[in-house]
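Undergrad: Sequence isn't available, so here's the structure alone:
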């Protein structure tokens, strides 16, 4: 093999390795998120909204004792693949029984601005204020959906209003992500069913 061929092969292999390695990740750490502008705060309440194509990996990483907690996130979603919208939060106020009550309303809009998923209410934290991991907690609730292969590609936007009901503080969180066209052999799919009581499965609105 000539020197040029060896160099071309090395470049190809290195480029492939970097592509595999450079998958987007988040550290579920308050300082890390704040430094990157991913955290929304109304002190003492704070939260971040992430999109992931592998909710199981996020839950597994959170349950593990290793620090920091590193999780996969998704900036692009392929039609036909699942996506979960999850919360990281902290600083909630406890009621007289010692428990927080943090609720959220979330909607998702299409690239043209029309509503893709109507506002979905669910709880993201009901329990004592988080104290471990610098007061950061992975939310109990998530929104799961799968885009159909005929959904228009482009940038979608998840908008969530998080409400600490005890403190009566609200945060507005946004998370854009790009929907890519499905693979040629993908099958049109509706929203995923889920057996997790704390999760909400989104039902797309009719295209206007």
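TA: That came through, no problem. Keep in mind that what you see is a predicted model, and the values were worked out from it rather than measured.
Undergrad: List the residues that contact residue 39.
TA: 30, 33, 46-48 (CB atoms under 8 Å, 6 or more residues apart in numbering). The C-beta positions use only the backbone N, C-alpha and C, and glycine is treated the same way.
Undergrad: ok, which pair from those residues is furthest apart?
TA: Pairwise distances across the contacts of residue 39 (CB to CB) peak at 10.5 Å, for the pair 30 and 47.
Undergrad: Count the residues that sit near residue 144.
TA: Residue 144 is flanked by 19 other residues according to other CB atoms under 10 Å.
Undergrad: name the element it belongs to?
TA: Assigned by DSSP states H and E, residue 144 belongs to strand 137-146.
Undergrad: who does that strand pair up with?
TA: In the sheet, strand 137-146 lines up against strand 82-90 (antiparallel), strand 199-201 (parallel) (DSSP bridges).
Undergrad: May I have the beta-bridge partners of residue 47?
TA: Beta-bridge partners, per DSSP bridges, of residue 47: residue 40, residue 89.
Undergrad: roughly how far apart are it and residue 87?
TA: 6 Å (CB to CB, to the nearest Å).
Undergrad: These two: which is more packed in?
TA: Shown here are residue 47 and residue 87; by other CB under 10 Å, residue 47 has more neighbours (29 against 24).
Undergrad: Now do the contacts for the more buried one.
TA: Residue 47 neighbours (CB under 8 Å, 6+ apart): 39-40, 87-90, 162, 171, 173.
Undergrad: May I ask which two of those residues are separated the most?
TA: 90 and 173 (13.7 Å).
Undergrad: Run a quick neighbour tally on the closest residue to residue 25 other than its chain neighbours.
TA: Nearest residue to residue 25 in three dimensions, chain neighbours excluded: residue 70, at 5.3 Å (CB to CB, 6 or more residues apart in numbering). If you count neighbours by other CB under 10 Å, residue 70 ends up with 16.
Undergrad: in terms of contact, does residue 70 touch residue 61 like I think?
TA: Yes - between residue 70 and residue 61 there is a contact under CB atoms under 8 Å: 6.3 Å.
Undergrad: overlap in contacts of those two?
TA: residue 28.
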